[in-house]
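J.: The following comprises the amino acid sequence and a computationally predicted model.
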Amino acid sequence: DQAARDAQDKAAAETVDTSRFKEEPPYKIGVSAGYLSNSWVVFALQHIRWEASKHPEVEEVIVTDAAFNPAKQVSDIEDLLRQDIDLLLYWPVDDAAIADVLQRAVDAGVPTINTGGGFTDSPGTIANAYISQWSLGEDVARRLMEDLDGKGKIIAMLPIAGTTAAVDQLDALKTVLKEYPEVELLTAEYGDWNRAKAKQITENLLQRYPRIDGVFSPAGQMSIGVAEAFEEAGRLDEVTMSPGDEYNGWLKWVAEHRQGGAVTFPTRAGQVAVQKGLKILKGEPVTRGTAVKDPFISPENVDAHVDMEAPDDWWASELPPEFLPER
Amino acid sequence: MTPEARARLDRLLAANAIFLALIAVWLVGAAVSDAFLMPNYLFNVVRQIAPVGIAAIGVTYVMILGGVDLSIGAVISLTAVFCAVQMDGDAANTLPAILLTCLVGMAIGAINGALVAFSRVTPFILTLGTAVAVYGLTQIYSGGTARGEVAPGFRDLANTRLDGLVPVLAIVFVALAALGLAVQKTTSFGRRLFLIGSNPQAALLSGLPVRRTTVIAYAVSGLFGALGGIALLARSGVSSTSAGQGLEFQVLAAVVLGGTTFEGGRGGIAGTVAGVLVLVMAFNLVNIVGLDYHLQLVVMGAIIILASALYGHLQARTGRA
Amino acid sequence: MQPATPLLEVRALARHYAGVAALRGVDLSAVAGEVHAVVGANGAGKSTLMNLLSGTVAPSAGEILIDGRPAGPLTPALAREIGIATVYQEFSLVPQLTVARNVFLGREPLKAGTARRLGAVDEARMVADTAALLQRHHLALDPQSVVEGLSVAQQQMVELARALAGSSRVLILDEPTAVLSLAEQRNLFEIIARLKADGLLILYVSHRLEEVLEVADRVTVLRDGALVATRPAAGLDLEELVTLMVGETGRHRAPPRPAGGEGRIELHYRRGDAEGRIRLDPGEIVGLGGLVGAGRTSLGRALCGLGRGDTEVSVRWDGETIQCNSPAAAMRAGFVYLTEDRKRDGLFANLDILTNTSAAALSQFARAGFLNRRRERRQCSELLQRMRLAARSLDMPVDQLSGGNQQKVVFGRALLRGPRLLVCDEPTRGVDIGAKAEIYDLLEELAGQGVAVLVISSEIEELLALTSRIVVMRDRRIVTELPTAETDEAAVLLAASGGPEGQMETKQ
Amino acid sequence: MALAGRSGAAAPLAVLRRLDLSVTGIWILLAVVIALAAIGLPQFREPENLANIVRQSTVLGMLAIGQTFVILAGLIDLSVGMATGLVVVLTCALVDGEAAMTLPVAILMLLLGAGIGAVNGLLANLFRIHPLILTFGMLFILQGAIFTYADRSVGRASEPLQTLANGDILGIPIAGIAVLVVLAGAHLLITRTRFGHHLVAVGGHAENARRAGVNVARIRFLAFTLSGLSAGLAGLILAGRLGTGYPLAGTGLELDAIVAVVLGGTALSGGRGSVIRSVAGVLVLSLASNLLNLLEVSAFVQTFTKGLIVVAVILANQPRRAAAS
Ligand SMILES: Nc1ncnc2c1ncn2[C@@H]1O[C@H](COP(=O)(O)OP(=O)(O)OP(=O)(O)O)[C@@H](O)[C@H]1O
Ligand SMILES: Nc1ncnc2c1ncn2[C@@H]1O[C@H](COP(=O)(O)OP(=O)(O)OP(=O)(O)O)[C@@H](O)[C@H]1O
Ligand SMILES: [Mg+2]
Ligand SMILES: [Mg+2]
């Protein structure tokens, strides 16, 4: 709710006492990825590497992959600490599950930065380069409501059940829906960030509901699957797609259909995290949270962002060619 | 009824239990939603299962032989990405890409087969290990993004409906299943699978090429895995490097539901196809009924257990293990 | 002292399997201190009756009485409790466990005190008791050795030891001698005599009828699942017994053929430092005798490409050397081995008769990889009909056949290949008299067609009746070769069991 | 319990042949891995790193112990991962940070774990379903149950739970000690008691064990129940380790547990194996992961390497001779 979010904004604006983390270069940066088999994460990681390459005082970047297993992420962080890293960047499988080991890192004098997750207000997290799933969801929901003129029946397509992303997006949607009594949420489904699964689920929903006016789907990766199912059922006309994110496959769809647009979910977060981290190591003051946000990509100006040549599983970004993942 | 006729009937029932289950699920479906009466929807179901179903055909061979192939999910993931990269957004590449992808799948399968044939390790764990390796290979190959681009026209072709009704992908699946069934029933390769699965020692003593057949069966499983990967690519484009992850268990459930057991020497493709259909219809059913996500899981689990139980019961009635 | 009520009584006992009446209403009564034999052709229902008594199979109808009281529904554990111990026809041990653990499986002695309540097994006592038990019955086995490392005969002794452990009142022996050597058989008969004196009832199932007449007090004959008669053994002779069993007398056997010619086929055998040679001719039947464990099976398997490394066999046929280092190569050369262990590597148990029969000859029915199934069915059914297979249909699973009929199917598979050299390992094990005669006929017919046949058998009469020469093995060596016409049972036995050194040298 | 081959032959080659890798392989492997790491990587030898490895092994260690029971009995249990997840979620939700609640909740959770196993056992005895399929179905049902209860991380582990998972006595991790105690009990149960004898017999040849008077259904029931119980124990440790009830906490653990058991040379066909070697298998997995991390092997190559290691070790571990089937 609003009060909680105000509190969060306030917390994010606080200044961190960085003196206890001050350290002489060279620096060794540890990155604990909750999962790497995901193109968003790969792009964020490349942003980290890019930014690190600009700072000669960064000697090394070590990356671990927990493959969606929170217990392994705890172990990974323990292993990273054994390698005498000076800075820990992470994106969590689950925030709460690694809070304890993060605290241990901080106690050992290693500053920790949440990279691309939601704002984490916990003593184990020194700073955040955060993307608020909640405000992302809110933004997506509001734009969808506008496009629907505030009435109609919608479905929601969410990521893996139980993840912060799924939880916050649904929360945000429900909050926004309170202002739109004429919009009915028919069902919320979990497509696991999987295009095929989202498509199959949607095919079934199309059987179940004779009329669906709108789709709430903040993850572009699934939005394509959903849109395809509507298209193949010949029901694309009846539906309004919500904005997705700057997943290239989705941008291509937007470019083709001039609909939906993209609320960005910037892979740039990795870059911001490194910048913040280096400041901390030098003892310069930083705020606890920096919200990473790019402008809304409307269906009209999508051409500036979409790369029709690049694969679907790709993200619009400003990475220089040598840091782009291999095509 | 004479005991004789009774026994025959029981055997018939046991051998075809999965088809009864299929009819039962369909009837329940029809009672709940008239979607289950619409050809359009039913063809759609067939199209939905194409990736899993195609992969299951190959795995059925391996399981008749007394093996199992848990690397199939990883193979689907790898081949889907690989095929997209090979296509590289150029229609001219379509055919070479498909052929090359099939080769890759077959090669991985052949490695599995050789490891199983020339050692005494349990294929269950062995293929679990190769699954992890292949999954890692996919990540190394792709760098974590599902790179590559599908050739124009490829997905459109696969997803069009002939006469506006029968999706091409569904036809491909049915054709592959028919081919698989024919190989199983009419070739000596098919016969050898059953013999080796039933008693590998006796097969060896009968002069059957046990190792060669094993390698071929796994290679065929890899091949169908690749075709499944291509079908997945056709159905939904490729959106991640782990698109096939977990599919191996759906495949396994379908094959076993279809009456091909872990012990080998029995079962067949027809049952597997029915098994796949039961699974997907059940899943769609709970979806359509509008159960919550978590209840869908519960129902899925219950269906797997109950269908297997029914099947086991019918088999027991005929006095056979 | 005359026992007023029989110790064991069976009333109208019946058991049906899907479509088959294995046992149809059998009555039987037996008293303590009696050896009661049960005989019958293959599939007569003997094992079914024994399985019902030991609680492993539940009856479809009828009841079992002990001391005149109904025993109620039996389970294996319950049967043991009321004193019914069984040596099954089928292997019934747990292969991974030691002898001692197998002997006491299900009845492990527990430690005293608190440990008892935790179910702690007194392993030391178990091993000691097993050792004592084995010693008492002159069974030479180490209680701590693992069962799967033992020979078939040794395993059979473990089964016997297990049945003898604890206090039993009824001992069921279902074909206990099928895999035993002569000395072991003798020992078994002594054990039986002792137990009988102790007042046990022994139910004894066997196809070796002389043996039956020797040990049994009374004989019950079953045919097609029904009781034919129960007679005192004293008043019976072999011919009468056979008539009761099969409804007709056994066939008169042809006299042995004269030894063949110069030996166009030479089998060279090498195992460790032992070497030897077997000569035979196409169209000849040569016997390979010896006690169980003499190494005959290993020789036969090596001949057909199933050598285990330590055994090597090479073949010279009309001066030409033939390689047979894999089963497939041996098959191509026309060498076929017929296993002694149908269950382990003979039958495709869950598959149908037709598939079992054609398994080794698929290439004959295949063109470009596709099977001609009509031709397959026609040829198989002709062959099996000629072998007088008793089966409802060729599509019935082979494991629903009786032992003898299963053997015919395995035989049929070998014949379909059109072998040049056929090695039959214990071809009539567990096969009834009628089927036995048919199998003998078959072997002779084959030889008549020019096939060289090597028969491995532990039944000396079988070798005497069939072959022209008998090669004898002992301790994994070929010790002698005897022309059948000039030898007798005693001479073969002597050579096999290590009498005066063999005449033939085992040198190159 | 050494499973010697047939006796005879003296040559050194024969000694080598008789070296049953399914028994000794895991120890050789463990020794090699530790030796390599100790020589090549200074960080490895630090006590804190060793304690980390032990801590990282405890959850899987518990599960591997339970899994050994079912596999020895010729069964398999795919539901333990989700059962662990359910216990993690419920523990954290019910305890919610309160130390006083720890004991009652822990007892309740152990009962829950055992209960899930008992249901598996009942169903396995009731229906003729392959245990792989049965517990695979159960996996879905439990996952559904978890999401019914919580669709996000819930609750908080209490202080005692966290101490159990992460604390140590004299530098030795408490959870490690707990696993050792359970391991000792399990080992004695399997090797010294009537139940253990029967368990192995059922796995070795169920029908023949039945004929010998073993209550096969009871043994299977108990094996599943113990497996469920181990999931309960693992769940309590994992709850302490994560500190929160993450719904997907147990995903995939069942496969790692099975791999560890097989690495330890326990035959999937049942009847032979050892619970101690299963835990050694867990240590090898944890060590491998730790080493690859310390060696800074790239994450993708790590996955690939892990797969190769599993395949290689399984090949090296294969049974000496095909078991009589
Ligand atoms: N499990 C079973 N299922 C179906 N039929 C069976 C089964 N067991 C036995 N039979 C049938 O019951 C009949 C009697 O079999 P049984 O084993 O009692 O014969 P037997 O007298 O012991 O023969 P043998 O001398 O060959 O051992 C046979 O026709 C056999 O095919
Ligand atoms: N190649 C083989 N593969 C599997 N088992 C074999 C092989 N050769 C022999 N056996 C089995 O191993 C056991 C011991 O073999 P060994 O050579 O000591 O005696 P044997 O061949 O059984 O002797 P005999 O046949 O004269 O009784 C026997 O039970 C036999 O069935
Ligand atoms: Mg019998
Ligand atoms: Mg033999």
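T.: Looks like it came in fine. Ligands and ions are numbered 1, 2, ... in the order given.

J.: Alongside chain B, which residues does chain A contribute?
T.: Neighbours of chain B within chain A, by C-beta under 8 Å from any C-beta of the partner chain: A:36-39, A:41-43, A:45, A:161, A:187-190, A:193-196, A:199-201, A:203-205, A:207-208, A:221, A:224-225, A:228, A:232, A:249, A:309-314, A:325-327. For the C-beta atoms, the positions are set from N, CA and C on the backbone; glycine is no exception.

J.: Just the buried ones among those residues, please.
T.: Buried members of the residues of chain A next to chain B, counted by 16 or more other C-beta atoms under 10 Å in any protein chain shown: A:36-39, A:41-43, A:45, A:161, A:187-190, A:193-196, A:199-201, A:203-205, A:207-208, A:221, A:224-225, A:228, A:232, A:249, A:310-314, A:325.

J.: Keep only those of those residues that are in helices.
T.: A:39, A:41-43, A:45, A:195-196, A:199-201, A:203-205, A:207-208, A:221, A:224-225, A:228, A:232, A:249 (DSSP state H).

J.: Buried residues in stretch A:20-37, which are they?
T.: Within stretch A:20-37, the residues that count as buried by 16+ other C-beta under 10 Å are A:21, A:27-37.

J.: so how far does that stretch reach from one end to the other?
T.: 35 Å (C-alpha to C-alpha, to the nearest Å).

J.: That one close to chain D?
T.: Yes: using C-beta under 8 Å from any C-beta, stretch A:20-37 comes into contact with chain D via A:33, A:36.

J.: Identify the residues contacting the closest residue to ligand 1 within chain A.
T.: Using C-beta to the nearest ligand atom, the single residue of chain A nearest to ligand 1 is residue A:200, 44.7 Å away. Each residue near residue A:200 by C-beta atoms under 8 Å, 6 or more residues apart in numbering or on different chains is listed here: A:229, B:48.

J.: What mean pLDDT does stretch D:70-83 get?
T.: The predicted model gives stretch D:70-83 an average pLDDT of 95.

J.: For it, C-alpha coordinates in PDB please.
T.: Extracted in PDB, the C-alpha atoms of stretch D:70-83 (Å, rounded to 0.1, in the frame of the first residue of the first chain):
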ATOM      1  CA  VAL D  70      14.000 -46.700  -0.100                       C
ATOM      2  CA  ILE D  71      16.600 -47.500  -2.700                       C
ATOM      3  CA  LEU D  72      18.000 -50.400  -0.700                       C
ATOM      4  CA  ALA D  73      14.400 -51.700  -0.600                       C
ATOM      5  CA  GLY D  74      14.300 -51.600  -4.400                       C
ATOM      6  CA  LEU D  75      12.100 -48.500  -4.400                       C
ATOM      7  CA  ILE D  76      12.700 -44.800  -5.100                       C
ATOM      8  CA  ASP D  77      11.300 -41.600  -3.600                       C
ATOM      9  CA  LEU D  78      11.000 -38.600  -5.900                       C
ATOM     10  CA  SER D  79       8.700 -36.700  -3.500                       C
ATOM     11  CA  VAL D  80      11.300 -35.900  -0.800                       C
ATOM     12  CA  GLY D  81      12.400 -32.600  -2.400                       C
ATOM     13  CA  MET D  82       8.900 -31.200  -2.300                       C
ATOM     14  CA  ALA D  83       8.300 -32.800   1.200                       C
END
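
J.: Could you count how many residues lie near residue A:210?
T.: Using other C-beta atoms under 10 Å in any protein chain shown, residue A:210 is surrounded by 9 other residues.

J.: Three-state assignment for it, please.
T.: For residue A:210, the secondary structure call by DSSP: H, G, I helix; E, B strand; the rest coil comes out as coil.

J.: how near is it to residue A:183?
T.: According to C-beta to C-beta, to the nearest Å, residue A:210 and residue A:183 sit 17 Å apart.

J.: Residue D:122 too?
T.: Look at residue D:122 and residue A:183: by C-beta to C-beta, they are 47 Å apart.

J.: more crowded one of these two?
T.: The neighbour comparison of residue D:122 against residue A:183 (other C-beta under 10 Å) goes to residue A:183, with 22 against 15.

J.: Mind pulling the model confidence for residue 223?
T.: Just going to use chain A. Value for residue A:223, per-residue pLDDT: 94.

J.: wrong chain, I was asking about chain D
T.: 97.

J.: Over to residue B:244?
T.: Residue B:244 carries a pLDDT value of 82.

J.: now swap in the one 3 residues further on and tell me
T.: The predicted structure scores residue B:247 at 87 on the pLDDT scale.

J.: So it sits against residue B:76, correct?
T.: Yes: using C-beta atoms under 8 Å, residue B:247 is in contact with residue B:76, at 5.7 Å.

J.: Common neighbours of the two, please.
T.: If you check residue B:247 and residue B:76 against C-beta under 8 Å, 6+ apart, the residues they both contact are B:51, B:55, B:228.

J.: what's around the closest residue to the last one other than its chain neighbours, how many residues?
T.: Read that as residue B:228. Counting by C-beta to C-beta, 6 or more residues apart in numbering or on different chains, residue B:228 lies nearest to residue B:55, which is 3.5 Å off, once chain neighbours are set aside. Counted with other C-beta under 10 Å, the neighbours of residue B:55 add up to 34.

J.: Over to the one 10 residues further on?
T.: Around residue B:65 there are 30 other residues, counting by other C-beta under 10 Å.

J.: more neighbours, residue B:247 and residue B:76?
T.: residue B:76 (34 against 24).

J.: Tell me if I am right that residue C:85 is in a strand.
T.: Yes: secondary structure of residue C:85 (three-state DSSP): part of a strand.
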